[in-house]
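*Asks:* can't give you the sequence, but here's the structure:
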């Protein structure tokens with residue numbers, strides 16, 4: 001069934017698509033937003049660790065396949081707001097050096113064609129739009145800023161302040177993690193955020209997280225020029241006879257295939273699914289997939305090398321909201337390892353029902369035998385840490401589509417840098433433990449985050465000036481198709497080592513400004 005024409009069609013409502021829709025809604029142009037999922041339900045299970053972590057209530061049931069043809073269930077969700085509905089709301093700028101070529105132990109992180117100076121004003125707008133709380137001047141690797149954070153830093157609770165002091169005592173520079181929350185600590189009666197222990201990885205029942213549904217889509221739903229269709233699964237993009245333009249989008253809604261036409265088509269499905277959509281849209285003019293004359297669509301998939309570590313000590317941690325500390329002292333390396341290592345930050349609270357789901361492989365069989373009350377005791381004495389190291393682009397790490405199957409071929413690289421960061425951070429935690437206890441006791445189990453945890457995914461449609469080596473131009477338009485844009489983390493030529501979400505948001509605002517100039 002053919003439906004009326006739109007000026008702009010946006011596919012996906014995550015950090016890229018939701019932000020772009022918000023920025024373009026005020027143009028008055030006729031906009032269609034297509035979202036594969038529905039609105040994430042507000043329900044008690046939003047705050048249930050057993051439902052969220054053990055039963056993966058908000059993740060898709062679909063199966064992807066790895067390079068060995070082994071099926072896995074990806075930890076991704078299809079909702080209005082995409083994966084920002086369950087992210088930890090850590091919103092950091094990439095360092096200015098991240099936009100340049102950087103030498104790593106295992107290879108080169110390539111330069112971006114658009115540098116930090118051009119991104120900077122868009123970072124400022126992104127922080128305002130997503131209510132980012134932070135404090136400049138604390139982070140030793142912080143890039144230059146044209147404005148202070150729009151909201152004050154989220155404070156440390158007493159135990160977290162003690163840990164921060166213990167880190168600082170070792171000559172390091174812990175800083176308040178920039179967070180996108182609707183929090184008012186001056187007058188808590190005016191605060192939407194309640195600083196609960198179910199934030200990182202959980203949907204927010206009180207809608208206090210800066211996510212792309214709440215901050216991007218909801219404010220524009222009343223606009224007469226904006227149409228949002230949920231549970232609308234885009235199957236493929238259809239080009240005109242020349243193949244120079246996409247003139248229609250084929251969508252499955254309630255079991256029926258419908259076709260929508262548009263003047264500008266914007267894909268923002270996440271790095272994996274955006275690449276898969278372009279590949280599935282192959283036709284006679286584009287036999288390898290849309291925008292793929294360079295054979296780069298789907299290649300250079302990155303997701304960070306992430307290690308989840310917990311510090312279990314004698315001293316209890318009663319903090320209700322623990323995710324407030326970040327450390328960047330090892331971002332560019334140290335005296336023993338003159339290569340970038342990465343960023344350290346808190347995870348959210350470690351709850352007893354999370355422990356069986358998140359336990360390292362060697363401990364998992366034992367954890368299953370631990371009674372509930374002892375899991376509660378362990379959780380009360382635990383602080384979670386998240387270590388992330390830059391994943392270098394590799395053309396063999398890629399998204400492939402074979403028939404109906406989506407493959408994610410991936411082999412980790414830059415592993416020594418990640419191992420060094422893990423070892424260095426374990427030493428820091430042990431030193432805190434020694435300072436606080438006459439008889440020190442602490443264990444630091446850790447877990448390398450597996451492939452199915454595809455958060456921080458990026459890089460499958462890199463941007464650049466050379467059509468032979470990139471998919472998108474510097475405005476994120478495909479080199480091959482005149483009216484087709486990709487506006488999510490697919491455009492990243494490198495992953496840096498900070499959370500990618502704020503850069504996705506800033507880039508969406510940047511591309512929106514470009515589109516406004518040509519509409």
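*Replies:* Right, received. Where do you want to start? Everything numeric in this text was worked out from a predicted model, so none of it was measured. Residues are numbered from 1 along each chain as shown.
*Asks:* quick one, helices of this protein?
*Replies:* 15-25, 49, 116-129, 158-168, 271-280, 355-358, 364-367, 372-380, 415-436, 501-518 (DSSP state H).
*Asks:* could I get those as JSON lines with mean neighbour count and distance to residue 138?
*Replies:* Glycine gets a C-beta too; all of them are placed from N, C-alpha and C. Formatted as JSON lines, those follow (neighbours: other CB atoms under 10 Å; distance: least, CB to CB, whole Å):
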{"stretch": "helix 15-25", "mean neighbour count": "28", "distance to residue 138": "25"}
{"stretch": "helix 49", "mean neighbour count": "23", "distance to residue 138": "31"}
{"stretch": "helix 116-129", "mean neighbour count": "19", "distance to residue 138": "15"}
{"stretch": "helix 158-168", "mean neighbour count": "17", "distance to residue 138": "10"}
{"stretch": "helix 271-280", "mean neighbour count": "26", "distance to residue 138": "31"}
{"stretch": "helix 355-358", "mean neighbour count": "19", "distance to residue 138": "29"}
{"stretch": "helix 364-367", "mean neighbour count": "12", "distance to residue 138": "36"}
{"stretch": "helix 372-380", "mean neighbour count": "14", "distance to residue 138": "29"}
{"stretch": "helix 415-436", "mean neighbour count": "18", "distance to residue 138": "17"}
{"stretch": "helix 501-518", "mean neighbour count": "22", "distance to residue 138": "17"}
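*Asks:* format these as a markdown table; extra columns: mean pLDDT and distance to residue 495.
*Replies:* A markdown table is the format used below for the helices of the chain (pLDDT from 0 to 100; distance: least, CB to CB, whole Å):
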| stretch | mean pLDDT | distance to residue 495 |
| --- | --- | --- |
| helix 15-25 | 98 | 15 |
| helix 49 | 94 | 29 |
| helix 116-129 | 98 | 15 |
| helix 158-168 | 97 | 25 |
| helix 271-280 | 98 | 10 |
| helix 355-358 | 67 | 23 |
| helix 364-367 | 54 | 29 |
| helix 372-380 | 78 | 31 |
| helix 415-436 | 94 | 12 |
| helix 501-518 | 98 | 10 |
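*Asks:* nearest to residue 459, out of those helices?
*Replies:* Closest to residue 459 of the helices of the chain, according to CB to CB: helix 271-280, at 6.3 Å.
*Asks:* who are the packing partners of the closest one?
*Replies:* Under the contact criterion of 3 or more CB pairs under 8 Å, 6 or more residues apart in numbering; DSSP states H and E, helix 271-280 touches strand 232-239, strand 256-267, strand 398-402, strand 405-409.
*Asks:* cutoff 7 Å now
*Replies:* Under the contact criterion of 3 or more CB pairs under 7 Å, 6 or more residues apart in numbering; DSSP states H and E, helix 271-280 touches strand 232-239, strand 398-402.
*Asks:* so can I have JSON lines of these showing distance to residue 374, mean neighbour count and mean pLDDT?
*Replies:* JSON lines is the format used below for the helices and strands packed on helix 271-280 (distance: least, CB to CB, whole Å; neighbours: other CB atoms under 10 Å; pLDDT from 0 to 100):
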{"stretch": "strand 232-239", "distance to residue 374": "44", "mean neighbour count": "19", "mean pLDDT": "98"}
{"stretch": "strand 398-402", "distance to residue 374": "42", "mean neighbour count": "18", "mean pLDDT": "98"}
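*Asks:* as TSV, the ones you listed with distance to residue 378 would be great.
*Replies:* Compiled in TSV, these are given as follows (distance: least, CB to CB, whole Å):
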stretch	distance to residue 378
strand 232-239	42
strand 398-402	38
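*Asks:* compare those strands and give me the one nearest residue 258.
*Replies:* Across these, closest to residue 258 is strand 232-239 (CB to CB), at 8.3 Å.
*Asks:* note down every partner strand of the closest one and its orientation.
*Replies:* strand 246-253 (antiparallel) (DSSP bridges).
*Asks:* where in the stretch 1-150 of the chain is pLDDT low?
*Replies:* 1-3 (pLDDT under 70).
*Asks:* and the strands in it?
*Replies:* Using DSSP state E, counting those that start in this stretch, the strands of the stretch 1-150 of the chain run over 2-11, 31-34, 64-66, 71-72, 102-104, 107-109, 132-133.
*Asks:* sheet partners, orientation included, of the fourth one?
*Replies:* Listed by DSSP bridges, the sheet partners of strand 71-72 and their directions read strand 64-66 (antiparallel).
*Asks:* coming back round to it: relative to residue 502, which of the helices and strands packed on helix 271-280 is closest?
*Replies:* Smallest distance to residue 502 across these (CB to CB): 23.8 Å, for strand 398-402.
*Asks:* angle of that closest one against helix 271-280?
*Replies:* Angle of strand 398-402 versus helix 271-280, following axes from the mean of the first three to the mean of the last three CA atoms, to 10 degrees, is 40 degrees.
*Asks:* residues in contact with strand 398-402?
*Replies:* Contacts of strand 398-402 with the rest of the structure, by CB atoms under 7 Å, 6 or more residues apart in numbering, involve 272, 275-276, 279-280, 298-299, 301, 406-409, 460.
*Asks:* what is the nearest of those to residue 451?
*Replies:* residue 408 (6.7 Å).
*Asks:* who's the nearest residue to that closest one once chain neighbours are set aside bridged to?
*Replies:* Closest residue to residue 408 apart from its sequence neighbours, by CB to CB, 6 or more residues apart in numbering: residue 64 at 5.5 Å. Beta bridges link residue 64 to residue 72, judged by DSSP bridges.
*Asks:* please identify the buried residues of stretch 134-148?
*Replies:* Going by neighbour count (16 or more other CB atoms under 10 Å), the buried part of stretch 134-148 is 134, 135, 139, 141, 142, 143.
*Asks:* one more: stretch 452-459?
*Replies:* By 16+ other CB under 10 Å, the buried positions in stretch 452-459 come out as 453, 454, 455, 456, 457, 458, 459.
*Asks:* tell me the one of the residues you listed nearest residue 307?
*Replies:* Using CB to CB, residue 453 comes nearest to residue 307 of the buried residues of stretch 452-459, at 11.6 Å.
*Asks:* per-residue confidence for residue 321?
*Replies:* Listed pLDDT for residue 321 reads 97.
*Asks:* check residue 312 too.
*Replies:* On the pLDDT scale, residue 312 is placed at 88.
*Asks:* so it makes contact with residue 380?
*Replies:* No. At 10.0 Å, residue 312 does not count as touching residue 380 under the criterion of CB atoms under 7 Å.
*Asks:* give me the low-pLDDT residue ranges for the stretch 351-500 of the chain?
*Replies:* Residue ranges of the stretch 351-500 of the chain with pLDDT under 70: 357-373, 437-443.
*Asks:* next, format the buried residues of stretch 134-148 as JSON lines and append distance to residue 429.
*Replies:* Below are the buried residues of stretch 134-148 laid out as JSON lines (distance: CB to CB, whole Å):
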{"residue": "134", "distance to residue 429": "24"}
{"residue": "135", "distance to residue 429": "24"}
{"residue": "139", "distance to residue 429": "20"}
{"residue": "141", "distance to residue 429": "21"}
{"residue": "142", "distance to residue 429": "24"}
{"residue": "143", "distance to residue 429": "28"}
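*Asks:* of those residues, which is the nearest to residue 331?
*Replies:* residue 141 (4.8 Å).
*Asks:* and that closest one, what does it touch?
*Replies:* By CB under 7 Å, 6+ apart, the contact list for residue 141 reads 95, 328, 331, 332.
*Asks:* center of the protein, which residue is that?
*Replies:* Note on the chain: the residue nearest the mean C-alpha position is residue 456, at 4.0 Å, using CA atoms, centre = their mean.
*Asks:* distance of that one relative to residue 304?
*Replies:* Computed as CB to CB, to the nearest Å, the residue 456 to residue 304 distance reads 5 Å.
*Asks:* likewise for residue 218?
*Replies:* 29 Å.
*Asks:* swap in residue 90?
*Replies:* Here residue 90 is placed at a distance of 12 Å from residue 304 (CB to CB).
*Asks:* quick one, which of the two is more surrounded?
*Replies:* Neighbours around residue 90 and residue 304, counted as other CB atoms under 10 Å, are more numerous at residue 304. The numbers are 28 against 22.
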